[in-house]
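S.K.: Following is a predicted model, sequence given first.
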Amino acid sequence: MLNSTNLQLLNQTQRELLEELDQENRQLKQQLKQQGQLMHQVQNVLTRYGATQGLSLTDQIEILMTQHQQRKFSQSRRRQRPQPSSRSTISSRCWLFSGRATPR
């Protein structure tokens, strides 16, 4: 049988545990609220940039990232194309006016 000291300790421990659980619960609710706000912001961005409706957020993000990488690759390819030197450009333009069928 529990004496009054043990019962008081048990009640105190129970109160402390309930307070800890209550605090954790408040923190989790706050995190869940923040995640919901973040998901809403992500959905707005995806919609703004033309993501496909009806797909999961992960799939939509993957599609947009792939499109972004393809654009970056295309832009870098355009920048890497060698520009013809002025001499070859001039000589290839000259043959047009020289009457020859092919450039030198």
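M.R.: Perfect, thanks for sending it. Numbering: from 1, shown residues only.
S.K.: Longest helix in this protein, please.
M.R.: Ranked by residue count under DSSP state H, the longest helix found in the chain is helix 4-48.
S.K.: what's the spacing between it and its chain's center?
M.R.: From the chain centre to the centre of helix 4-48 is a distance of 27 Å (CA atoms, centre = their mean, to the nearest Å).
S.K.: Quick one: list the elements packing against it.
M.R.: helix 57-80 (3 or more CB pairs under 8 Å, 6 or more residues apart in numbering; DSSP states H and E). The C-beta positions use only the backbone N, C-alpha and C, and glycine is treated the same way.
S.K.: Pull out the buried positions in the helix it packs on.
M.R.: 60, 63, 64 (16 or more other CB atoms under 10 Å).
S.K.: Quick check: the residue nearest the centre of the chain vs residue 44, distance?
M.R.: In the chain, the centroid-proximal residue (CA atoms, centre = their mean) is residue 61; its distance is 6.1 Å. According to CB to CB, to the nearest Å, residue 61 and residue 44 sit 13 Å apart.
S.K.: same check, this time on residue 21
M.R.: Distance from residue 21 to residue 44, by CB to CB: 35 Å.
S.K.: ok, now residue 14?
M.R.: Taking CB to CB, one finds residue 14 at 45 Å from residue 44.
S.K.: same question, residue 59
M.R.: Relative to residue 44, and taking CB to CB, residue 59 is found at 17 Å.
S.K.: Next: residue 71.
M.R.: Taking CB to CB, one finds residue 71 at 21 Å from residue 44.
S.K.: same check, this time on residue 9
M.R.: 53 Å.
S.K.: for residue 62, same thing?
M.R.: Residue 62 sits 18 Å away from residue 44, going by CB to CB.
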